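K.L.:
Sequence first, predicted model second:
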Amino acid sequence: MQFEVEVLNGARQGMRFDLTLGDEVHEETASMPYVLETEALAFFVRVERACDRLSLVLGERLLTFTQGRNSNALEFEWYPPYRENGTRDALFFNYFGVAKFTLQLESDECIERFDTGPVEVLARNRTAKQAGQMVNFILAETESDLTCEESATRFQGASYGEQQSQLVERILTNASKLEVLASQVFIRPIRTLTTDMALQQGADVYAPGDQSLAWLMDNLSVLEETDDNSQSHLHLDGRMYCATELLAPTVREYTDTYENQVLTGYLDSLLGVTADLLKHCAPFGLSRLQNAHEGYLSFFACMEVWIHQVNSQQMVVLKACQERLLLLRQQFMKRLPVSIGVNALPKITAKVRGNQHYLTLFKMAIDWYQQPRLDGKPPQQQFLAINSMPGLFEYYAFIRIRRWLLAKGQQEDQGSDLSHPLHIKVNNLSLSLNYEPVYWMVGHSQAGNIVNTENRSVSEARNNYVGRIREWEFARREPDITLEVRRNGQLIGLLVLDAKFTTREQAFNQYLPECTMKYVHGITNSAAVSANGGLVKAMIILYAHSHDELLDFHTAPFDAYGDQVQIPVLGAQSLSLETSEAYGSRCIESLLDRLLTLFAYAA
C-alpha cells in the first residue's frame, strides 16, 4: 500500500512525499516530513486489493476518498474543497505540531485500519505565539508539572516542578556540608590495621618466622655471607648468612573500611542524582526533530526555547554543584581510597559513634536516602508529549477549570495524579473534576454507573436488546473534561466541556451539535433515572479566541444567564489566551459560577 501527499499551493506547490504505513511506522523517528499550516494538500492512496470505501481519519475528522481519475479500482484520491475566494481549503490551518493519520478500508462489512507515520505542521508566528501563551500559563499554574501517559494530552498532577526544586536545594545543602566535614575526616580517617606478607629488606627483619624461612628455602639465591652476627639470618657449618630481601609480615593501615565505603557511596549518590537532573533539564532530543521553513516555526523549536527558559537557572546551579562534587570525589579517591562504594541506607557502627564528624555525615546520608525522589517523567519528555496545538489547548482549558475549582472550596482529598478526579466541597455540593474520563457502553465489562448509551450505526440499532454484550475496543466515549456534581453522596448532574482548537463558527455550528448528540443524549446514570433533562446538565464547547464570550444555543431569557434557564445548557465558550485572569462577565469562570448557582438552588 502506498500513501502519497501533494502540496497544491504556495512556494512548494507540486511537491510530493510518501508517508509510511502499518508495520513500517516507528514511534522514534529521527526526522519527519513537514507541511505548512497554510498549505492545501491532496492525498493519493494505492491499495493492494479492491475495497468498497476508503477514508482518512484525522482526529475527529473523516475524509472520504474517491476513485482515482484514471478509474483504477486500486487507486484513490482526496482533494480539499474550494473556499469562497476560490482557493483550496488548508487542512491544517490553525494547527501546530505533529499530526498522524489513520487509513480506514471498508469491504464486505470488514474494516481495516492502518496508521501512518507522523508529519509535522509548521505554524505561522501568530499560532506559535498562542502556543507560548498557553504554555506559560500552564507552567505558572502547575510549575512545569507535565507528564504523559498514553495520549498526547494526559498529564500527571504530582508537583514535579516543586519536587525538582526541593531536590536541587537538598543536593546543594548536602554538598556544602560534605565539603566542610570531609576536610576534617581526611585529617583523622577511620582505618583498619591488617597484617600482610611482603618482601622487605633483609636487614629490617630481625626474627624471621616460619613463613619467612619457608620462602627463604625456595629462594637461597638471596643469601650472602656476613661477619655481622646481628645481621645474620642463617648459621651453617660455622658460617653466617644474611638475606638481602625476605618475605616477612608487615602491618599496614587501610582506609577501605565500611565507614569510608558508605561516605563514598553517599557522594556517588549525590553525583548520580545531579547528573540525572542535568539530563532531565537539558532539552536534548528536540533539535534533531526540528524542521525549518522561512516564515514558519517548528513546534519542537518552540518547545526547546520554553524548556531552556524553565530550566536554565537550575542547570547553571546544578553544573556548578556537579563540579564541586567531582572535585570532592577526586579528593576522596586520593585520601580515602576504597574498593567499592556502599550506596544504601547505612548502619551506624561503634567506630562511627566515637567520631563526631563521621556520625554527622552518616546522619546526613540516612536522611538523604530516606527522602523521596522525583515522581513522574522528566520535563523534556513531558514537553515532547505535547505535540500539537489541539492537545495543548485541551490541557490549557483543563488547567483553567482546575484553577477555578481549587479557588471555590475545600479539597476533600490530595489526589496524586491529575488524571484522577479532583474532589472539592463547595457548600452543600461535592464536585469531582475529571480529565479525559472513559464512559463505557452498556453491556461492557468495565461499564460503571455513568454509561454510554448510544447506538452508533444502523447495524447496532437493529441488533439492540437488553443484555447485549458490547466488548469492542471503541465501545466508549471520552469527553475532554467533566464535572460531576453530588449532593449528600447522590449524583445529581454532569457538566461536560470539550476543548476544540478551532474557529468560532466551527465550534458553534459543527462541534456543539455533534457533542450534544454524543454526550447529552449518549451519557446517562445507570444507577438512577435522572430528572429534568437527563444526567448531563450542560454541554459546553471550549475554543480559543481573542476575548471571552459565550455563544448560547438558547435564546434569552432561556439562555445560561437568563431568568428561565433551559436545561441542559448548551453553548460554545471562548477562552482568551491574551490573559490568564478571569475578566469580564462572560468568561469560563463566570459561566461555571452560574452553573454552580443553578445546582445550589435546584430542588
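P.N.:
Nice, thanks for sending it over.
K.L.:
How many neighbouring residues does residue 323 have?
P.N.:
10 (other CB atoms under 10 Å). To be clear about C-beta, it is placed using only N, CA and C from the backbone, and glycine gets the same treatment.
K.L.:
Same question for residue 66.
P.N.:
The number of residues packed near residue 66 is 10, by other CB under 10 Å.
K.L.:
which SSE is the closest residue to it other than its chain neighbours in?
P.N.:
Closest residue to residue 66 apart from its sequence neighbours, by CB to CB, 6 or more residues apart in numbering: residue 77 at 6.3 Å. Here residue 77 sits within strand 75-78, counting by DSSP states H and E.
K.L.:
Then residue 278?
P.N.:
Going by DSSP H and E, residue 278 is in helix 258-281.
K.L.:
Can you name every helix or strand that the strand or helix carrying residue 362 contacts?
P.N.:
Counting by DSSP H and E, the element that carries residue 362 is helix 356-370. Helices and strands touching helix 356-370, by 3 or more CB pairs under 8 Å, 6 or more residues apart in numbering; DSSP states H and E, are helix 160-187, helix 258-281, helix 350-353.
K.L.:
Name the residues of it that are buried.
P.N.:
Residues 357-358, 360-362, 364-366, 368 are the ones in helix 356-370 that count as buried (16 or more other CB atoms under 10 Å).
K.L.:
my guess is residue 318 meets residue 275, correct?
P.N.:
No - in this structure residue 318 lies outside contact range of residue 275 using CB atoms under 8 Å: 9.0 Å.
K.L.:
Between the two, which has more neighbouring residues?
P.N.:
residue 318 (20 against 13).
K.L.:
Assumed the more buried one was part of a strand.
P.N.:
No - per DSSP: H, G, I helix; E, B strand; the rest coil, residue 318 lies outside any strand segment and is helix.
K.L.:
Who are the contact partners of it?
P.N.:
Residues in contact with residue 318 (CB atoms under 8 Å, 6 or more residues apart in numbering) are 168, 171, 274, 277-278, 281.
K.L.:
Among these, which pair sits farthest apart?
P.N.:
Longest distance between any two of these is 12.8 Å, between 171 and 281; criterion CB to CB.
K.L.:
what helix or strand is residue 425 on?
P.N.:
Using DSSP H and E, residue 425 sits in strand 422-426.
K.L.:
May I have that strand exported as CSV, CA atoms only?
P.N.:
Output of strand 422-426 as CSV, limited to C-alpha atoms (Å, rounded to 0.1, in the frame of the first residue of the first chain):
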residue,chain,number,x,y,z
LEU,A,422,-10.1,16.3,41.9
HIS,A,423,-12.7,16.4,44.7
ILE,A,424,-13.8,19.8,46.1
LYS,A,425,-16.5,20.6,48.6
VAL,A,426,-18.5,23.7,47.9
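K.L.:
Partner strands of that strand and their direction?
P.N.:
strand 410-411 (antiparallel), strand 429-435 (antiparallel) (DSSP bridges).
K.L.:
Show the average pLDDT along stretch 464-475.
P.N.:
Regarding stretch 464-475, the rounded mean pLDDT is 81.
K.L.:
buried ones in it?
P.N.:
Neighbour count says stretch 464-475 has 470, 475 buried, by 16+ other CB under 10 Å.
K.L.:
Also stretch 557-577?
P.N.:
Under 16+ other CB under 10 Å, the buried positions of stretch 557-577 are 559-560, 565-577.
K.L.:
Need the distance between the two termini of that stretch.
P.N.:
In stretch 557-577, first residue to last residue: 29 Å (CA to CA, to the nearest Å).
K.L.:
can you map out the helices along the stretch 101-250 of the chain?
P.N.:
125-142, 160-187, 210-218 (DSSP state H, counting those that start in this stretch).
K.L.:
so which of the ones you listed is the most packed in?
P.N.:
helix 125-142 (a mean of 18; mean count of other CB atoms under 10 Å).
K.L.:
What is that one packed up against?
P.N.:
helix 299-335, helix 389-408.
K.L.:
now, which of the buried residues of stretch 557-577 lie within strands?
P.N.:
When DSSP state E is applied, those are split such that 569-576 fall in strands.
K.L.:
Tell me the spacing between the closest residue to residue 81 other than its chain neighbours and residue 599.
P.N.:
Once flanking residues are discounted, residue 81 sits nearest to residue 89: 5.3 Å by CB to CB, 6+ apart. Residue 89 is 42 Å from residue 599, where distance means CB to CB, to the nearest Å.
K.L.:
Show me which of those two is the more surrounded one.
P.N.:
residue 599 (21 against 12).
K.L.:
so that one touches residue 485, yeah?
P.N.:
Yes - counting by CB under 8 Å, residue 485 is a contact partner of residue 599 at 5.3 Å.
K.L.:
which neighbours do these two share?
P.N.:
In contact with both residue 599 and residue 485: 429, 492-493, 537, using CB under 8 Å, 6+ apart.
K.L.:
For the residues you listed, give me a markdown table that also has distance to residue 208.
P.N.:
Shown next, in a markdown table, are the shared contacts of residue 599 and residue 485 (distance: CB to CB, whole Å):
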| residue | distance to residue 208 |
| --- | --- |
| 429 | 94 |
| 492 | 97 |
| 493 | 97 |
| 537 | 99 |
